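*Asks:* structure, please.
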Amino acid sequence: MYQEAINNYLKRTGQEALRLRAVLFDMDGVLFDSMPYHADAWAEVMNRHGLRFTREEAFLHEGRTGAATINIAYRRQYGQDAPPELIQQMYQEKCEAFARHPEPGRMPGAPELLRKVKEAGLVPVLVTGSGQRTLLDRLAHHYPGVFAPGRMVTAFDVKRGKPDPEPYLMSLQKAGVRANEAVVVENAPIGVQAGHAAGIFTIAVNTGPLDGQVLLNAGADLLFPSMQRLCDEWEAFFRQRVS
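*Replies:* I've put the predicted structure just below:
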């Protein structure tokens, strides 16, 4: 199964081989079990401001910058982008609503997978659409010494967030690797689209309520039902890549 997925990727991208040197990790829903809290916060704030928005929609837009998520809901209702001052206000309210929830725990399987990645000599890189300082600060506490400061791409670093490939293209630059020397680990459809568009082998982990086919349709090269399953299968996948 893994070799077939790799062969399909090589055929699609025109690459000769998959030579892993880096693993590019999304944050929410991959490293932290935080998406239910994000969904609650987005639904609360959007509806407070008169914008129709459900928890389920939050999972579909997971990975976008806050401004992009707000503008999608605002344009749908008013036919134009939200005023910048409203975007700033709503995102601040969303961050405050998120912070009222208990601290999200590490996603089961993520710590062990990161340990395996580091032990294999691969470079871990964080690629997130989040700009929430609380979550970014928790990385150092929950994953100490894993992500070097120069190996993180956040909402503060890009002009065009996911599903645009810019965050993942930037992560390749920061890691000093080419597209065929990395894999993406994502749980959101637009994150998968971004990794796919960047020409990187993209692994989807279905840690939310979406149908797994949504992630495959977005362009995932492999689909796992959880981070724990990916961790358990990592060695089997890693042996199949062409080094």
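*Asks:* please, where are all the strands along the chain?
*Replies:* 22-25, 123-127, 152-153, 182-186, 201-205, 222-224 (DSSP state E).
*Asks:* what's the separation between the residue lying farthest from the centre of the chain and residue 28?
*Replies:* Farthest-out residue of the chain from its mean C-alpha position, per C-alpha atoms, centre = their mean: residue 78, at 28.9 Å. Distance check for residue 78 against residue 28: by C-beta to C-beta, to the nearest Å, it reads 28 Å. Every residue, glycine included, has its C-beta placed from N, CA and C.
*Asks:* try residue 171
*Replies:* According to C-beta to C-beta, residue 171 stands 16 Å off from residue 28.
*Asks:* before we move on, the earlier item: okay if I get the strands of the chain as CSV plus distance to residue 6?
*Replies:* Below are the strands of the chain laid out as CSV (distance: least, C-beta to C-beta, whole Å):
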stretch, distance to residue 6
strand 22-25, 15
strand 123-127, 20
strand 152-153, 25
strand 182-186, 10
strand 201-205, 7
strand 222-224, 9
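*Asks:* lowest-confidence stretch among those strands?
*Replies:* The minimum mean pLDDT among those belongs to strand 152-153 (a mean of 92).
*Asks:* list the contacts of it.
*Replies:* Here strand 152-153 makes contact (C-beta atoms under 8 Å, 6 or more residues apart in numbering) with 125, 126, 127, 128, 136, 139, 167, 168, 170, 171, 174.
*Asks:* so which residues of this structure form helices?
*Replies:* 2-13, 35-48, 55-60, 66-78, 84-99, 110-119, 133-142, 166-175, 189-197, 212-217, 227-240 (DSSP state H).
*Asks:* returning to what we had before: how far away is the residue farthest from the centre of the chain from residue 49?
*Replies:* 11 Å.
*Asks:* still on that earlier bit, can I get the helices of the chain in a markdown table with distance to residue 181?
*Replies:* What follows is those, written out as a markdown table (distance: least, C-beta to C-beta, whole Å):
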| stretch | distance to residue 181 |
| --- | --- |
| helix 2-13 | 12 |
| helix 35-48 | 29 |
| helix 55-60 | 30 |
| helix 66-78 | 29 |
| helix 84-99 | 35 |
| helix 110-119 | 14 |
| helix 133-142 | 23 |
| helix 166-175 | 8 |
| helix 189-197 | 14 |
| helix 212-217 | 23 |
| helix 227-240 | 14 |
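*Asks:* out of these, which gets the lowest mean score?
*Replies:* Going by mean pLDDT, the lowest-scoring of the helices of the chain is helix 133-142, which has a mean of 76.
*Asks:* re earlier: ranking the helices of the chain by burial, who's on top?
*Replies:* Mean neighbours per residue, mean count of other C-beta atoms under 10 Å, is largest over these for helix 189-197, with a mean of 26.
*Asks:* thank you kindly, that will do.
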